[in-house]
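# need coordinates for the below:
(3 chains)
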Amino acid sequence: MPLVRIDLLEGKSEQYRAQVGDILYQTLVDVLNVPEHDRFQVITEHTKASLPFDREYLGVHRSDDCIFFQITLNSGRSTELKQRFYKALADHLHEGVKIRTEDVFISFVEVSKENWSFGNGEAQYVTPPK
Amino acid sequence: MPLVRIDLLEGKSEQYRAQVGDILYQTLVDVLNVPEHDRFQVITEHTKASLPFDREYLGVHRSDDCIFFQITLNSGRSTELKQRFYKALADHLHEGVKIRTEDVFISFVEVSKENWSFGNGEAQYVTPPK
Amino acid sequence: MPLVRIDLLEGKSEQYRAQVGDILYQTLVDVLNVPEHDRFQVITEHTKASLPFDREYLGVHRSDDCIFFQITLNSGRSTELKQRFYKALADHLHEGVKIRTEDVFISFVEVSKENWSFGNGEAQYVTPPK
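Just a heads-up that it's a prediction; the model follows:
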């Protein structure tokens, strides 16, 4: 269910971007209890002019490696769980692709469970219509 | 009002993508009671590496023709109406552009009616400011 | 915190797009009380076929210069404040880059303050986890 938009600057290898997607997916499963195989991602590269971001907001020193993750998912996760996810994703990306944890920007958009269709014209997360 | 992001793999014709946008628009009008002419779409093609999605999640067999529809619209539609929309969109796309219904992925993001300006610096869905 | 997606037709200069981003940022700070330096934008150009929008919806006459602004930000702003923002953004873009106010399309998506991590794996807008 999470539909994830990943935006980053151009210049990284396809393998790098694939690893970023893999690590994000696995962290969603491991920490946020997202179901296995629930993976739907849009990864987009941008020129520097097309991805303007502040390099110092809140005292966090961002570099050209900064990645935006915008994750649309069902509501209901606690603040504490989200906090564990932020830390886990930053740590796992640091371990896996050497990204600095300062460069991991995350935004959640929460929706209701009836707001998804995973194909076949059905709302798989709710009971079938009468 | 719906602002729709349509993401799909590259390789289809411009005509195909236009038809997909047309069918989506018409189904929003016909089933979700969106006003006529209320059409604002962003259609983006991606390489395979840039649009990773699971081919079997929830037992739905997705192919390279899979399309993501992310639809931001006003809240207030019932679950049953959303279910009718999912079925109608999948059916209409199947009829119109031969897409398999398994390949229609839909995500709604609901917002308040004061969250839109359609131009002129006005919030057309609410009364003017004092 | 606002994560902003700016979508427009191709054909404008890089400087034009930079000015649009600058004006948006400054108006968010000045009118919506967004903190200084809180700037995270994704600016994407599209072909005409990839950005279909109605040229007359609600009697607003849109041209090829139409820009979509989708702004994800914390909830809590009043309707009146949003209305002031719509007007200010349209006016400032008109003054700064000569865009017609009819061509300024704005969509807010509101989220909770715990839904953001600005780096370091932390949720900077809430107290640290225990």
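# and whatever residue of chain A ends up closest to chain B, what pLDDT?
Minimum separation of chain A from chain B (C-beta to the nearest C-beta) falls at residue A:121, amounting to 3.3 Å. From N, CA and C alone the C-beta is placed, and that goes for glycine too. Each residue has a pLDDT score; the one for residue A:121 is 98.
# what does residue A:1 give?
As summarised for this prediction, residue A:1 has a pLDDT of 81.
# what about it, distance to chain C?
Relative to chain C, residue A:1 is positioned 16 Å away (C-beta to the nearest C-beta, to the nearest Å).
# do a quick rundown of the helices in chain A.
Assigned by DSSP state H, chain A shows helices spanning A:14-32, A:79-97.
# quick check: angle from the last one to helix A:14-32?
What it means is helix A:79-97. For the pair helix A:79-97 and helix A:14-32, the angle between their directions (axes from the mean of the first three to the mean of the last three C-alpha atoms, to 10 degrees) equals 150 degrees.
# quick one, what contacts the residue nearest the centre of chain A?
Computing the C-alpha centroid of chain A and ranking residues by C-alpha atoms, centre = their mean puts residue A:69 first, at 4.0 Å. Shown in contact with residue A:69 (C-beta atoms under 8 Å, 6 or more residues apart in numbering or on different chains): A:4, A:5, A:6, A:24, A:89, A:104, A:105, A:106, A:107.
# ok, and the most crowded of those residues?
Neighbours here are counted as other C-beta atoms under 10 Å in any protein chain shown. On that basis the top member of these is residue A:104, with 29 neighbours.
# not counting its neighbours along the chain, what's nearest that one?
residue A:90 (4.3 Å; C-beta to C-beta, 6 or more residues apart in numbering or on different chains).
# ok, how many other residues are close to the one you found?
When neighbours are counted by other C-beta under 10 Å, residue A:90 comes out with 24.
# hmm, it is touching residue C:123, no?
No - the pair residue A:90 and residue C:123 does not pass the contact test of C-beta atoms under 8 Å, sitting 11.3 Å apart.
# please enumerate the shared neighbours of these two.
By C-beta under 8 Å, 6+ apart, residue A:90 and residue C:123 have these common neighbours: residue C:117.
# follow-up on the earlier one: residue contacts, the residue nearest to the residue of chain A closest to chain B when sequence neighbours are not counted?
Computed as C-beta to C-beta, 6+ apart, the closest residue to residue A:121 that is not its neighbour in sequence is residue B:90, at 3.3 Å. Neighbouring residues of residue B:90 by C-beta under 8 Å, 6+ apart: A:117, A:119, A:120, A:121, B:101, B:104.
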